[in-house]
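**Student:** Everything below, folded, please.
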Amino acid sequence: MNIDRVVMAFAGGMILISVVLAVAVNIWWLLLATFVGLNLLQAAFSTFCPLALILKRLGVSPGSAF
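**Tutor:** Residues are numbered from 1 along each chain as shown. Reported below is the predicted structural model:
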């Protein structure tokens, strides 16, 4: 797996977890989904992604986006 796939899988997982927690625990968990979505949006335009930097340092193979 390359960095692009790991970032997308992580973001998708966090959004799904956030929605489940919002339904099961408290509606305020949707703020997590909002944060993840905004981070993906800014990464699309600025090519800066904190998770991609961490994965790069951990030695995950680079993709075409990050």
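**Student:** ok, now which ones touch Val60?
**Tutor:** Contacts for Val60 were tallied using C-beta atoms under 8 Å, 6 or more residues apart in numbering; they are 1-3, 6. Quick note: C-beta positions are derived from backbone N, CA and C, even for glycine.
**Student:** okay, it: pLDDT?
**Tutor:** Reading off the per-residue confidence, Val60 sits at a pLDDT of 93.
**Student:** ok so, going back, drop anything exposed from the contacts of Val60.
**Tutor:** Among those, the ones that count as buried by 16 or more other C-beta atoms under 10 Å are 3, 6.
**Student:** Please narrow the contacts of Val60 to those residing in strands.
**Tutor:** Members of these lying in strands (criterion: DSSP state E): none.
**Student:** out of the contacts of Val60, which one sits closest to Ala52?
**Tutor:** Each of these was scored against Ala52 by C-beta to C-beta, and Ile3 proved nearest at 5.2 Å.
**Student:** List the contacts of the closest one.
**Tutor:** Contact partners of Ile3, counting by C-beta under 8 Å, 6+ apart, are 52, 55-56, 60-63, 65-66.
**Student:** Show me those residues that map onto helices.
**Tutor:** Of the contacts of Ile3, the ones assigned to helices by DSSP state H are 52, 55-56.
**Student:** Kindly reformat the contacts of Ile3 as CSV containing distance to Leu30.
**Tutor:** Shown next, in CSV, are the contacts of Ile3 (distance: C-beta to C-beta, whole Å):
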residue, distance to Leu30
Ala52, 24
Leu55, 26
Lys56, 30
Val60, 29
Ser61, 33
Pro62, 32
Gly63, 29
Ala65, 26
Phe66, 26
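**Student:** now for the contacts of Val60, which pair is the farthest apart?
**Tutor:** Considering C-beta to C-beta, no two members of the contacts of Val60 lie farther apart than Met1 and Ile3, which are separated by 8.3 Å.
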